[in-house]
Structure formats: C-alpha cells, structure tokens
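K.L.:
everything below, folded, please.
(chains A and B)
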Amino acid sequence: MHDVTLIVNGVPRHARVPARRLLSDFLRHDLGLTGTHVGCEHGVCGACTVLLDGQPVRACLTFAVSVAGHEVTTVEGLADGERLSPVQRAFAECHGLQCGFCTPGFLTTVTAFLRENPAPADDEAIEAVAGNLCRCTGYQNIVKSVHRAAELMAEEGP
Amino acid sequence: MTTKLFGEPVRRREDARLVAGNGRYLDDLGAGALAVAFVRSPHAHARITGIDVDDAIDVEGLVAIYTWEDLPEGVREPLPLLIPHPALTHGRTAYCLAKDVVRHVGEPIVMVVATDRYIAEDVCERIEVSYEFLKPVVGLENAVEGPNLVHDDVPGNIGAHLVQEVAHRDGRATRDVIAAAPHTLEFRLDIERSACMPMEGKGVYARWDADDRSLRVYSSTQTSTSVRMAIAAKLGLPLPKVEVIAPDVGGGFGVKIVHPWPEEILVPWAARLLDREVKWTEDRREHFVSSAHERAQVQHVRVGFDDEGRVLGLDVEILHDHGAYTPYGIIVPIITSTQLLGPYKIGSYRVEFFSVYTNTVQVTPYRGAGRPQGVFCMERTMDKIAQYLGKDRTDVRAVNFIQPDEFPYDQQMIFQDGRPLIYDSGDYPESLRKLKELIGWDDFPRLQEEAAQQGRKLGIGVGCYVEGTGVGPYEGGHVQVTSDGRVHVSTGLTSQGQGHETVFAQIAATELGVPIEKVSVVTGDTRRFGYAVGTFASRAAVMSGNAIALACRKVKEKALQIAADALEADPADLEITDGMVHVVGAPSASIPLATVAVLSNPLRYAFDEEAKRATQFATGGSMEKPPVAEGQEPGLEGKDYYSPVRSTFASGMHAAIVETDPDTAEIKILRYAVVHDCGKMINPMLVEGQIHGGVAQGVGGALYEKMAYDEYGQLLNASFMDFLMPYVTEIPKIETDHLETPSPLNPLGIKGAGEAGVIPVSAVVAGAVEDAEKIVIDRMPISPSDLYALRDSSRTSGAVSLLRNTQ
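P.N.:
Residues are numbered from 1 along each chain as shown, chains lettered A, B, ... in the order given. A predicted model of the protein is given here:
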C-alpha cells in the first residue's frame, strides 16, 4: 500500500492505495470525484481524460502512485465556483452532449486545447477532439461547441 | 412569454449537472458497496466438467463465490423469454450462471463478490473451470447447413421460421407475379454484425433493507418498471417491496432494453443474501462478449418489375443470426420483414425468414432494430432496378411511392406490436423533392464528370425509409402542482440521453401555462411511477409525451374549476398564463396556480402561511357540500395514460456524395443530406441531435463496424482498439431539412425520432460507392480493403454490367 497525495482541482487530496490503483479509480472511488468516467479501460475512448499539470492524459492508463505530488484537474474543477467555464457553457448551449457520459473527457480535452489555441480553425477544432469517442451526438455539435467556447473565452477575456 | 414552449429549441435542463461532472451514473453510486466480477466462458461451446475454487478462497477481501449450484429456486431457472411468438417454436434463454453448457464466449459461469473490483478479478483468475469442448457453430450458413448444433434439442439450429405474404390484388401469389413480370432480378445481400456500444456499459447496484425487508435496485436500464417486476418475481418478493431506479444512463441504443440481464437478478439476490450493498459495473470487454449484438443477416432477393420500374412482386428470404439465445424473441427479423416495404406500394410481397442459433453473443435490438437491414434490401433493390432499366434512381423510387392522398395506407401485414401495418401519414414525394434539392441531385452528374476529368471518383446514393414509432401498449404520466406553484411531472419510462427532462417539461409547461422553470421531470423511477413499458422503438416522446399532455389537461380542468369558484367566473372563460389563472382578456381577475393548489387540498392543519388559506375556518364555500366535491380527490394532480391503437409511422430520406480513392480504395463521405419527418417536433434542436447521432452510428455500420468472429467463435476485435467506432474524423457534416406531417393518431401529432438517423445509411453509402466505382456493392460494411478486393474481382467478372438490360 502507498500513501498518495495529489493536488486535485487545487486541493491536496490523500488516500492509501495499492500500487496498481488506476488514477481513474483513485479519483472516482478513493476521492469520490465521480465526474471522471471510464468508458473502455484501455485508453481508446477518452472519457476518463483529466488534466495532469495542465496536459490531457488518460486516467485509465495512469497509475495513481505514478503521479503523486502532481496537479490533476478533473471535470469538477473546470467551473469557477458556481459559474460554469466557457467550455462547459458552450457544450450546453450548442447541444454538444446527449447522454453526457463521454462529456467530461471532451470538456477537459477542449479546455487544454483552447489554452494552446484560443482561435482554432475548423480542421484544428476537429483534430482537437479526434481522440475522444462519443456514441450519441455524431460530433457535429461538439465541434460547434469548441468554436463557441473559443468565442466565449474571447468575449470574456482571461 | 414563457409558456409556449412546444416546438422551440429549448436548451436542455439535463446539461447543467452533466457538464459540471454532477451526473449520477450507475458506477457513481454505492461508494463502499461490495464489488462483483464474473468468470466468463473463454470458449464458444463447451460442457462444464468442473469448477475448482480451492486456489481462490484464501484471497483477502473475498466475500462469496457462487455457481449455478448455489442458486435458489427462481434464480436458477432459465431467464424469461420476453416476447413469445408462435413462430418462435424453439426459443431458448440462458441461465443467470451457466448450468452445464456454455454457448458463447463471455457467458457467465461463476459470480465473485469481494471488497473491491480488483480483488474480485484476482479471485476470478484463480478459479479453474474445466471444460469438454463441443463443436462451435459460427456463421449463418454453417448453422443451417449443419451438422453441429448450438442446442441439442433445436434441429437445424432454427429457432423460428415465419412466412408472410401479401398476395397481388388479383389474388396471384408473389412468386407467380414475379415469374410473369416483364423484368426480374435475383441477388444476394450480406449484412454484418455490429452492436449498440453505449459509452457506459451496463451496471446494477442493490441495497437490501433488512429492517424494512425491502430492496432498492439501481440499474443502467431502458426499463426500470419491468426490471422491478422481474426481480420481484425471481426473488419471490412482494412487488411493493422492490424499487428500481434508472439513474443517469450513459447511452442505451437498445441493449439496455433487454432484461432481466443475469446481473439484474444476481446482484439483488446477493445483496439480500449477504445483507450488504452489492454492485456490478460492466467493463468494456464484458460488454463486447456478454451483452448483445445485432444486424447480421443474409438475404436472397427476387424482384419482378415493369418498364417504369414499378415493383410488381418482391420475394425475400432472410437468414437471421440471433446468436446463442432468444430472450427478446424474433422482434428484429419481424421488423426487417415488415419495414422492408418502406415508403413503397409493392404489388405483391413474400418474405420468409429463418432465425438461427450460432455460438455467438445473443442478438437483440440495436437502434434501428432490423430496419437498416430491411432498408438495405429494398433500397439496393431500387438501385438495381434503376441500373437495369437505365433510369434515374430517384425516378424509380418515385413511381413506387405511396401518394399523400393514399393515407392511411394499409400494407396488409402484422407489425412488431402485433397490430396492422397501417401508415398513418406522410408525404414521400415532397420529402424526395426536398432531398434532391438539398443534395443537388440533378446537378451531380456534372460534378461527377468534372471530378472524373481530374482523376477523382465521386458517387451519389439515396435511401428512403419508413419507421414505425411509438409502439404500445401504453405509457403514463403523473402531474402534480404543489402549493409553492411547482409542477412535478413523472413518467415510468427511462432516459439515456434523449433529453426527456427537457421535452416533457416543454409539454407540461405548454399544456399548463406555467414557466418551464417551475416544472421538474422524473423518469425511470418506480417510486414515482410504477406502470411503464420502457424506452425503445422511438417511443418515449410519442408515448409519455402524450400521456403527460393528457395528465396536464386533467390537472388544468381541475384547476380551472377551483379557480372559477374562487373568482366566481365560468371555467370556460379562464386561461392559465405564466402560472396565473385569469379571465380571458381580463388579466386582473386572476389567481396564482399555487393558490389553486392550496385550495385544492382542504386542510385541518396549517403549517405555513399558504396552508392557512386552505384550513377549515378560512375557506368559504357552501355548507351543504362536502369540502372535497363528489368524484374529486384532494390535491391538484392528475394521472393519465396514452395507449395508441397502433404505431405512428415517421419517415425520411438520405443522400450522400462519396469519394473513393483510385489507389487505396479509401472511402470518404463528402456530403450527407437528411430530410426527416417525425410529425410535429417538440424541440427541433434535440431532433437534429438525434439525427446526427443516428447518422454517425449508421456511418459506423456502413463503413467500419463489424464483429469479427473466427471459426472457433472467438470475437477477435472485442475492444475499442479493434472494433472501429467512428471518431469525429469519420463523420461528415450532416445537412438536414424537415417535413412536419402530423400524426392523426395522437393528441400532440408527434412521431418518434430516436432511431431514424441510423436506418438508411448503409443503403445510401452502398449506392454511392457503387455509383463511384461501377462495382456492385452487396454487403455492409464496406471497408477500403473490401472495396480493393472487389475492384480486383470485378475486373474479371464485370459484375455491374450483368445488371444492364440487354433486351
């Protein structure tokens, strides 16, 4: 068993877990942050994507012990208190989700992407979400959401 | 104006919690519950000769190991055959845990309960099951040609055989009509397996309350009411002691309508036995090998037609692969057989299917539920007729269309609900006109020619379908207005992402004249509404939408009566706007609906200021009448049901332009156009979302998705790495246009929209690839390597030219 402390959504969180505990399970079951979802457990679907020191990673392919001491942002950490982030609002506004199961992975991925590229062209927006599976939306409104989020961020400033 | 919401693109009320990570899906519940894992068969067909747990029982954290031998009466019997049919003469279902023989890879054999899932899986690995191998049956033709059997007592592996025939109006049999037709064609079509693949797998979480002797079960299901009845029956519990709740469900697409899954019985059973909370969450590999698949069929088609392309007779023989068991009956091939007819008047029609056992995962409805196969058959037939006669493919379709003045149109068959296949309304010529305009059909030959001059291969395809939606028998709605003015709506069917909380709130707000913010909606919770069928067959909006509207109308009638007494007005002169009951044209003579709710419930005890107004010394009224009028009930609430005489038939037409790479045979969809008619739309934004998602699944089925079983019954691609579900990069921009031909069958004039998008895509893409390549496409999916091989073989056989009319 290992003592693992991570900075999750800005707050130090600790649990004592075996070395094989996946980051996804650590977040969901040890810390109770169930917003991160597990869709395939083999790194293909992207539903479990969280930001590790600001970069998107597959939480289902990451051992919790291997990221001890690092900063993790989950979907629960995207909003500013009660106010949803531009990316979250854009997805709701553009009907960029249906069942919502894959959505946390898209939201974290897009959040990181727009930090790097705040005004993406259409092919860049598509490329940004090309590593995440969604079975409900047909993606069209997800791409629309990426552009809308960029607009909202530009309007609202940093 | 907040109260006219029906038909508006209202934003979803579900989204605030879902984008914040506050959704509650099955595995988000039950922190601390015991975890379940299963030992599943690694073999497609084998007899179990022994189960050795000696090496497993010392694992720390193990709580229990169960095999079939441990199961009590009720739990140890085969699972129910949900939809019996006289033609299903050899229906067979699985056991919760395999009894003697396993019949597909993934069948559950041993259930392990442990303190967490990691440990449960450790235990599974230490359990040794020994097998005597039996010959696996894989592939439809292998199944019917024998000699190996999936079930010893099912000769020829044939579970069901059904022939339906609609003779020519002059009484001639279809085969005679075809024999006498001016032109005939005969061909074979092959359709592969795919699967629903919701992003969230199945899951069950059960809590036994030993003090109350009651059970609460959460299941990621499309039918909580029916799961509840199944659990009560199997565990021998009184129905009122069982509650089943579908929490947020991460997609369904059909697979979660099947019930009870073994886990839906085993998990509650173990929770009660152990008096501990127990949870099972399906992992992706489990979902691939132990849930359900769909689609696989082989079709043999003969068609006779005249010089105009009018179909005089159509004869279709279908081999349908239903896998190892038939818990959902033969709904899928019945739908294929009936919905194959599409928007057409077919002179005479004979359809025969054999539904066949194989040692593969069972087959139950996946979005479209047999329709994609039927539409593939009919639309490929239309294309072949056009090709043969040298006609435009849309002209051949048009001469066969049912005309707008011919509704209701009786196809003279029995549909999947056991009721006549009578189309209620539609306008197929107008749909086709809109589609041709949207995609630029008439201009395409020029485009194709220009591309050809640049060495590019473009093709265009078209596909039409009719979809029976809103099947019965019924759904209900309950509406309650409380004294704070809030409106609480509930219905029994479940939600898997469709946005029911939004559309049902739109309906209630519109019917009652209240702001939508005042309305809350609960679905799929048997504590709130006990009678329901479930969410499948594009039925939720039609069934529960209308039931909720009817319940609202009852509540409104009661509210107007109470308000009329208070305002000393005639109820006929009253209307509700923004939550205020007022005299039409005189807004000052008004009373809030909240107050009406207070007055509707005569009280003895006051618990707040509002309640004081309804107490016995505060209310006026006649001393000669009882406080609750005869025939009335206290409270401002109402319940009603909607039970349709038969299904309502939505329709649509799709067209696509594809480009095929001359070297690599890669297929790219350049444009995709959809014209869709689901009657009156409650929320056009959500209808479009349904279409987008459906088309994306259709593209998966047309180009990428297949279940690759080898001859031993091993599923070779049971992961998202190998089963190719489309990412954003595979889905074209979908252009849509709508028609709204209201259904005359229900009060709201609506038709279902959930499955529509997926239905014709394979047919459309096959037609477009054929047009680009001039090579016959008779199978789905068609991958680049398939197309590459077809190019090679057609060079030698000249396949497409065989279709030309050489007379």
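
K.L.:
from here on, just use CA atoms for contacts and neighbour counts.
P.N.:
Noted.

K.L.:
what about the strands in chain A?
P.N.:
For chain A, applying DSSP state E gives strands covering A:2-8, A:11-17, A:49-52, A:55-58, A:71-73.

K.L.:
check the stretch 601-750 of chain B too.
P.N.:
Counting by DSSP state E, counting those that start in this stretch, residue ranges of the strands within the stretch 601-750 of chain B are B:636-642, B:648-660, B:667-677, B:734-739.

K.L.:
of all of chain A, which residue lies closest to chain B?
P.N.:
In chain A, no residue comes nearer to chain B than residue A:99, which is 3.5 Å away by Cα to the nearest Cα.

K.L.:
please name the nearest non-neighbouring residue to that residue.
P.N.:
In space, and not counting its chain neighbours, residue A:99 is closest to residue B:497: 3.5 Å by Cα to Cα, 6 or more residues apart in numbering or on different chains.

K.L.:
ok, the one you found - contacts?
P.N.:
A:98, A:99, A:100, A:136, B:249, B:250, B:251 (Cα atoms under 8 Å, 6 or more residues apart in numbering or on different chains).

K.L.:
isn't the fourth one right next to residue B:691, touching?
P.N.:
This means residue A:136. No - using Cα atoms under 8 Å, residue A:136 and residue B:691 do not qualify as a contacting pair, with a distance of 9.6 Å.

K.L.:
which strand or helix spans the closest residue to residue B:238 other than its chain neighbours?
P.N.:
Nearest in space to residue B:238, with sequence neighbours left out and distances taken as Cα to Cα, 6+ apart, is residue B:232 at 6.2 Å. Here residue B:232, judged by DSSP states H and E, is contained in helix B:224-235.

K.L.:
need the next SSE after that helix, C-terminal direction.
P.N.:
Using DSSP H and E, the next helix or strand after helix B:224-235 towards the C-terminus is strand B:242-245.

K.L.:
coming back round to it: and the residue nearest to residue A:99, that's in a strand?
P.N.:
No - residue state for residue B:497 (DSSP: H, G, I helix; E, B strand; the rest coil) corresponds to coil; a strand is not indicated.

K.L.:
which residues does the residue most central in space within chain A contact?
P.N.:
Using Cα atoms, centre = their mean, the residue of chain A that lies closest to the mean C-alpha position is residue A:108, 2.5 Å off. Contacts of residue A:108 were listed using Cα under 8 Å, 6+ apart, and they are A:49, A:50, A:51, A:56, A:73, A:74, A:75, A:78.

K.L.:
cool, residue B:611 as well?
P.N.:
For residue B:611, the residues meeting the contact criterion (Cα under 8 Å, 6+ apart) are B:483, B:598, B:603, B:605.

K.L.:
now those: which count as buried?
P.N.:
Buried by 16 or more other Cα atoms under 10 Å in any protein chain shown: B:483, B:598, B:603, out of the contacts of residue B:611.

K.L.:
and those, which of them are in helices?
P.N.:
Per DSSP state H, helices hold the following members of these: residue B:598.

K.L.:
going by distance to chain A, which of the buried ones among the contacts of residue B:611 wins?
P.N.:
When these are compared for distance to chain A, the smallest value, 28.7 Å, is given by residue B:483; criterion: Cα to the nearest Cα.

K.L.:
residues contacting that closest one?
P.N.:
Contacts for residue B:483 were tallied using Cα under 8 Å, 6+ apart; they are B:594, B:595, B:596, B:597, B:598, B:610, B:611.

K.L.:
mind putting those residues in CSV, pLDDT included?
P.N.:
Conversion of the contacts of residue B:483 to CSV gives the following (pLDDT from 0 to 100):
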residue, pLDDT
B:594, 93
B:595, 92
B:596, 94
B:597, 94
B:598, 91
B:610, 75
B:611, 77
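
K.L.:
between the residues you listed, which is nearest chain A?
P.N.:
Nearest to chain A out of these is residue B:594 (Cα to the nearest Cα; 29.3 Å).

K.L.:
quick check: domain ranges of chain A?
P.N.:
Domain assignment for chain A, taken from automatic domain parsing, gives A:2-77, A:86-156.

K.L.:
most tightly surrounded among those?
P.N.:
When neighbours are counted by mean count of other Cα atoms under 10 Å in any protein chain shown, the highest per-stretch mean among the domains of chain A falls to domain A:86-156, a mean of 23.

K.L.:
for it, measure first residue to last.
P.N.:
Distances were taken as Cα to Cα, to the nearest Å; on that basis the terminal residues of domain A:86-156 are 9 Å apart.

K.L.:
quick one: that domain to chain centroid distance?
P.N.:
Between the mean C-alpha point of domain A:86-156 and the mean C-alpha point of its chain there is a distance of 11 Å (Cα atoms, centre = their mean, to the nearest Å).

K.L.:
what does stretch B:606-616 give?
P.N.:
Averaged C-alpha coordinates place stretch B:606-616 at 47 Å from its chain's average position (Cα atoms, centre = their mean).

K.L.:
now do the contacts for residue B:506.
P.N.:
With the criterion set at Cα under 8 Å, 6+ apart, residue B:506 makes contact with B:5, B:6, B:10, B:516, B:682.

K.L.:
picking that back up, and of the strands of the stretch 601-750 of chain B, who's closest to chain A?
P.N.:
In terms of Cα to the nearest Cα, the element of those nearest to chain A is strand B:734-739, at 7.6 Å.

K.L.:
and the residue of the stretch 601-750 of chain B closest to chain A?
P.N.:
Here the stretch 601-750 of chain B gets closest to chain A at one residue, residue B:693, 4.1 Å apart by Cα to the nearest Cα.

K.L.:
could you do the stretch 401-550 of chain B as well?
P.N.:
Taking Cα to the nearest Cα, the stretch 401-550 of chain B has residue B:497 as its residue nearest chain A, at 3.5 Å.

K.L.:
which parts of the strand or helix carrying residue B:394 are buried?
P.N.:
Here residue B:394 sits within helix B:393-400, counting by DSSP H and E. Of all the residues in helix B:393-400, those buried under the rule 16+ other Cα under 10 Å are B:393, B:394, B:396, B:397, B:398, B:399, B:400.

K.L.:
select the longest helix from the chain.
P.N.:
No chain was given, so I picked chain A. helix A:140-156.

K.L.:
try again with chain B
P.N.:
Assignment by DSSP H; longest helix in chain B turns out to be helix B:540-567.

K.L.:
re earlier: same list (the contacts of residue B:506) but as TSV, adding neighbour count, distance to chain A and secondary structure.
P.N.:
Supplementary listing: the contacts of residue B:506 in TSV, determined by neighbours: other Cα atoms under 10 Å in any protein chain shown; distance: Cα to the nearest Cα, whole Å; DSSP: H, G, I helix; E, B strand; the rest coil:
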residue	neighbour count	distance to chain A	secondary structure
B:5	22	17	coil
B:6	22	18	coil
B:10	18	10	coil
B:516	25	17	helix
B:682	25	15	coil
